[in-house]
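Novice: fold the following.
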Amino acid sequence: TLDCLREGALCRTTASTRMNSVSSRSHAIFTVNLQFERAIASISKPDTNIRQHIRAKIHFVDLAGSESLKRTGATGQRAKEGISINSGLLVLGNVISILGDPMKKGAHVPYRDSKLTRLLQDSLGGNSRTLMIACISPVDRDFSETKSTLNYAQRARNIRNRVKVNQDKHSRQIVQLQMEIERLRVLVDKNEHLSSVRKLLFYYYET
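Specialist: Numbers count the residues shown, from 1 in each chain. Okay, the predicted model is just below:
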């Protein structure tokens with residue numbers, strides 16, 4: 001996993017601007033897909049377990065900072081990259097604002113307005129927990145960018161998602177059927193036991 005992360009980091013484009021000698025020229029997303037089994041004890045057979053498949057996905061996202069072309073002095077390809085970065089951040093900001101506003105619950109969320117938000121759709125408004133770390137500058141001249149970043153983080157803080165376990169659909173159906181079989185088996189065993197007791201009582205009553 002770490003080798004894949006290092007390889008991806010090496011492929012990421014960086015360049016020098018007036019504000020940063022090693023400026024990231026794109027956003028980066030590193031995704032880890034997880035799948036594991038959970039054993040559920042059988043009711044009628046304690047030594048037997050029912051297998052349940054659980055799926056999860058983790059996005060690690062490094063957002064490039066917003067750029068002022070006037071301050072960075074970027075031109076040509078660097079300027080195009082800066083505009084693309086700002087465009088993605090703007091759409092992400094709009095998405096976060098809608099998701100974090102209780103008054104806009106049920107409103108259209110423009111995930112498709114940016115590749116970035118399309119990739120992060122299930123991490124923002126889906127079945128997930130989201131943690132955002134905002135990086136800011138202590139320098140006075142960066143006040144505008146710092147204020148913008150803090151406002152961004154404040155809006156992201158307002159997002160509330162209800163998280164539940166992601167279970168494979170077919171696995172869930174199998175587990176439900178297996179548990180129903182277990183329940184019926186226990187019920188049949190109880191009925192057979194009651195039937196035996198009735199027969200025994202009837203026998204003693206007759207004799």
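
Novice: where does the chain dip in pLDDT?
Specialist: 15-23, 40-50, 67, 69, 71-74, 165-176, 178, 192-207 (pLDDT under 70).

Novice: can you give me the helices in it?
Specialist: Applying DSSP state H to the chain gives helices spanning 2-11, 69-72, 76-99, 115-119, 121-124, 143-157, 169-206.

Novice: wait, which of those is closest to residue 107?
Specialist: For residue 107, the closest of these is helix 76-99, at 5.7 Å, according to C-beta to C-beta. For every residue, glycine as well, the C-beta is placed using N, CA and C.

Novice: for that closest one, name the packing helices and strands.
Specialist: helix 69-72, helix 115-119, helix 121-124, helix 143-157 (3 or more C-beta pairs under 8 Å, 6 or more residues apart in numbering; DSSP states H and E).

Novice: okay if I get those as CSV plus mean neighbour count and distance to residue 104?
Specialist: Putting the helices and strands packed on helix 76-99 into CSV (neighbours: other C-beta atoms under 10 Å; distance: least, C-beta to C-beta, whole Å) gives the following:
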stretch, mean neighbour count, distance to residue 104
helix 69-72, 14, 31
helix 115-119, 17, 16
helix 121-124, 17, 14
helix 143-157, 15, 12
